[in-house]
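[1] here's a sequence, model it:
(one chain, ligands or ions: 2)
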Amino acid sequence: MGKALDLNTYLDREINCSCGHKHYSAVKRIDIDQGAVKRLAGHIQELGYKKIFMVADKNTWKAAGADAAAELEKAGLSYDKVILDYDEVIPDEHVIGEILAAVVPGTDLILAVGSGTINDLCKLISYRMGLDYIIYATAPSMDGFVSIGSAVILNHVKTTLDCHGPVAVIGDVDVLSQAPMRLIAAGLGDTLGKYTCLFDWKLSRLINDEYYCEEVVEMVETAISTVMKYSNEVRDRKPEAVKAVTEALVLTGIGMSFIGNSRPASGCEHHFSHFWEMKAFMHGKFPALHGTQVGVGTIIALYLYHMLENEQVDFAAVKASGFDYEAWEKEIREVYEIAADGIIAVEEKSRKNDLTMRNKRLEIIEKNWADIQRMIKEGLPKVADMEKLFAGLDAPINPTQIDVSLDELYESVIYAKEVRPRYTVLQLIWDLGLSKEYAERTREYFAG
Ligand SMILES: [Zn+2]
Ligand SMILES: [Zn+2]
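    Numbering: from 1, shown residues only. Ligands and ions are numbered 1, 2, ... in the order given. Predicted structure coming up:
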């Protein structure tokens, strides 16, 4: 199998980067390849652990945990385990308590067998217990393998808690490629979302002089282009394709730890996802998979970007236009419901909608407008190509396929930008006074 990237070159050492920062990731080892299960015990022994506690659910145990346990036994490693007996594990107080109560005293390593939820639970619990953890990945479904936040549901509200990352990420491509296709497609969605997220970052470097790291961007772009090269083989679960998707997901996580925040991995396509997820939870619905939402969000973001390509902007008129803060606050209360206070606090702190700041940005946008339009034209994939790619995996390409109504779509084009004080195309169209018009055009497009 050809190696485009050797992930281990980025690990366990400080990198003096051309961006002027020092980058470091605490991950010591990554092994995403065929036959990784046979190397799992060796990795654990070389890293010095002796008493392992495995956490799986009944599906991941069947798919991967039992074989991994057999390898530990063969190597003479002592282990205990908990197998969560649910079809869909909800990362709430109940499950956190269930795992905590099962962990055996003297454990020196938590071995998580799973992907999104199991990973979130284990990174949190190991962090709180002062233990290291390794993720033995069973599905390439999202890019949170090495991130230092854990998404859990406390008191019925989704919350991200600080924690640590794993010391190693191990994934056997023979296992990963047998994951449910909707999980693999979600992972592809989270990966291809990097197109718009990196573009948002480039935009912000230009407009806000935001800190930017060429090398991290290049690292993530290399990972996406490898994924694109194999994208037609994902459907057939080809090992090369599944390996490329998984490595890209792990690598973007490394990129985040290098930068110290989620800028290299999360732009407006993620703001859509956060917005829809928040709305779903508020209305007692279970949201679609994160990566599935990000995939749809990416298509919408590309649609917005490409509309800008031909936009004739009357900059003088935009600069003269006002902003009615009271009306905005009223809209935020309607759209964000119980979450509105938090959203208003984000604005009070960041002042992203402040007119002086907006007009300062507009000066720069005006000066660079032709360049921005050219960057969009040359630097971003076409909407139709992205739709074709996802549709080929039977993955959703329209918000209505993931239980997001056209009205919610309209709202998210205008208001999803408020979830984070991060510059993206959503803030750009707001700056240009185009949010409502573009929201309407987006609704028309997705109405078919
Ligand atoms: Zn750098
Ligand atoms: Zn993501």
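
[2] is the helix or strand that contains Val220 anywhere near ligand 2?
    Using DSSP states H and E, Val220 maps to helix 214-229. No. Applying C-beta under 5 Å from the ion, one finds helix 214-229 out of contact with ligand 2, separated by at least 12.3 Å. (Glycine included, C-beta is placed from N, CA and C.)

[3] stretch 298-312 now?
    No. Against ligand 2, stretch 298-312 shows no contacts by C-beta under 5 Å from the ion, the least distance being 10.5 Å.

[4] what residues of that stretch count as buried?
    298-305, 307-308 (16 or more other C-beta atoms under 10 Å).

[5] again, but for stretch 172-181
    Neighbour-count burial for stretch 172-181 [16+ other C-beta under 10 Å]: 172-179.

[6] using PDB, list the CA coordinates for that stretch.
    Output of stretch 172-181 as PDB, limited to C-alpha atoms (Å, rounded to 0.1, in the frame of the first residue of the first chain):
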ATOM      1  CA  ASP A 172      -6.900  -2.000  11.500                       C
ATOM      2  CA  VAL A 173      -8.000  -1.200   8.000                       C
ATOM      3  CA  ASP A 174      -9.600  -4.600   7.700                       C
ATOM      4  CA  VAL A 175     -11.900  -3.600  10.600                       C
ATOM      5  CA  LEU A 176     -12.300   0.000   9.600                       C
ATOM      6  CA  SER A 177     -13.300  -1.000   6.000                       C
ATOM      7  CA  GLN A 178     -16.200  -3.200   7.400                       C
ATOM      8  CA  ALA A 179     -17.700  -0.300   9.400                       C
ATOM      9  CA  PRO A 180     -21.300   0.600   8.400                       C
ATOM     10  CA  MET A 181     -21.200   2.700   5.200                       C
END
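
[7] can you list contacts of that stretch?
    32-37, 63-64, 67, 115, 137-141, 184, 235, 237-239, 242-243, 246, 393-394 (C-beta atoms under 8 Å, 6 or more residues apart in numbering).

[8] could you give me the average pLDDT of that stretch?
    In this model, stretch 172-181 has a mean pLDDT of 96.

[9] give me every residue that touches the residue in the chain positioned nearest to ligand 2.
    Per C-beta to the ion, Asp190 is where the chain lies closest to ligand 2, at 4.3 Å. By C-beta under 8 Å, 6+ apart, the contact set of Asp190 is 141-143, 249, 290-291, 294-295.

[10] how far off centre is stretch 214-222?
    16 Å (C-alpha atoms, centre = their mean, to the nearest Å).

[11] list the buried ones in it?
    Residues 215-217, 219-220 are the ones in stretch 214-222 that count as buried (16+ other C-beta under 10 Å).

[12] might one say that Ser231 is in contact with Val242?
    No. Ser231 is beyond contact range of Val242, at 11.5 Å (criterion: C-beta atoms under 8 Å).

[13] coming back round to it: kindly reformat the buried residues of stretch 214-222 as a markdown table containing pLDDT.
    Output for the buried residues of stretch 214-222, formatted as a markdown table (pLDDT from 0 to 100):
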| residue | pLDDT |
| --- | --- |
| Glu215 | 93 |
| Val216 | 94 |
| Val217 | 96 |
| Met219 | 92 |
| Val220 | 93 |
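
[14] so which of these are also by ligand 1?
    Restricting these to those near ligand 1 - C-beta under 5 Å from the ion - leaves Glu215.

[15] let me see the ranges of the strands in this structure.
    For the chain, the strands defined by DSSP state E cover 15-16, 22-23, 29-33, 51-57, 78-84, 109-114, 132-137, 149-154, 157-162, 168-172.

[16] so what strands line up beside the last one?
    It stands for strand 168-172. Using DSSP bridges, the strands paired with strand 168-172 are strand 29-33 (parallel), strand 132-137 (parallel).

[17] need the residues that contact the first one.
    Outside strand 29-33, the residues within contact range by C-beta under 8 Å, 6+ apart are 1, 7-8, 11-12, 39, 43, 47, 137, 167-173, 176, 243, 246-247, 250.

[18] with pLDDT as new columns, can the buried residues of stretch 298-312 be given to me in JSON lines?
    Below are the buried residues of stretch 298-312 laid out as JSON lines (pLDDT from 0 to 100):
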{"residue": "Thr298", "pLDDT": "98"}
{"residue": "Ile299", "pLDDT": "98"}
{"residue": "Ile300", "pLDDT": "98"}
{"residue": "Ala301", "pLDDT": "98"}
{"residue": "Leu302", "pLDDT": "98"}
{"residue": "Tyr303", "pLDDT": "98"}
{"residue": "Leu304", "pLDDT": "98"}
{"residue": "Tyr305", "pLDDT": "98"}
{"residue": "Met307", "pLDDT": "98"}
{"residue": "Leu308", "pLDDT": "98"}
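
[19] looking at the residues you listed, which are in helices?
    298-305, 307-308 (DSSP state H).

[20] identify, from the residues you listed, the entry nearest to Phe275.
    Ile300 (11.2 Å; C-beta to C-beta).

[21] who's in contact with the closest one?
    Contacts of Ile300 by C-beta under 8 Å, 6+ apart are 269, 272, 399, 409, 412-413, 442, 446.

[22] against ligand 2, which of those make the cut? List them.
    Of these, not one also sits near ligand 2 (C-beta under 5 Å from the ion).

[23] which single one of those residues is nearest to Ala339?
    Ser412 (13.5 Å).

[24] that older thread, show me the contacts of strand 29-33 that map onto helices.
    Per DSSP H, helices hold the following members of the contacts of strand 29-33: 39, 43, 173, 176, 243, 246-247, 250.

[25] could I get the buried residues of stretch 298-312 as JSON lines with distance to Tyr211?
    What follows is these, written out as JSON lines (distance: C-beta to C-beta, whole Å):
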{"residue": "Thr298", "distance to Tyr211": "24"}
{"residue": "Ile299", "distance to Tyr211": "28"}
{"residue": "Ile300", "distance to Tyr211": "27"}
{"residue": "Ala301", "distance to Tyr211": "22"}
{"residue": "Leu302", "distance to Tyr211": "25"}
{"residue": "Tyr303", "distance to Tyr211": "28"}
{"residue": "Leu304", "distance to Tyr211": "24"}
{"residue": "Tyr305", "distance to Tyr211": "22"}
{"residue": "Met307", "distance to Tyr211": "28"}
{"residue": "Leu308", "distance to Tyr211": "24"}
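
[26] was I right to think Asp403 contacts Ala280?
    Yes. Using C-beta under 8 Å, Asp403 is in contact with Ala280, at 7.1 Å.

[27] more neighbours, those two?
    Legend: neighbour count by other C-beta atoms under 10 Å for Asp403 and Ala280, higher for Ala280 (19 against 16).

[28] what's the neighbour count on Ser18?
    Using other C-beta under 10 Å, Ser18 has 9 other residues around it.

[29] same question, Tyr423
    24.

[30] which one is it nearest to, not counting chain neighbours?
    Excluding its sequence neighbours, the residue lying closest to Tyr423 (C-beta to C-beta, 6 or more residues apart in numbering) is Ser204, at 3.8 Å.

[31] brilliant, that's me finished.
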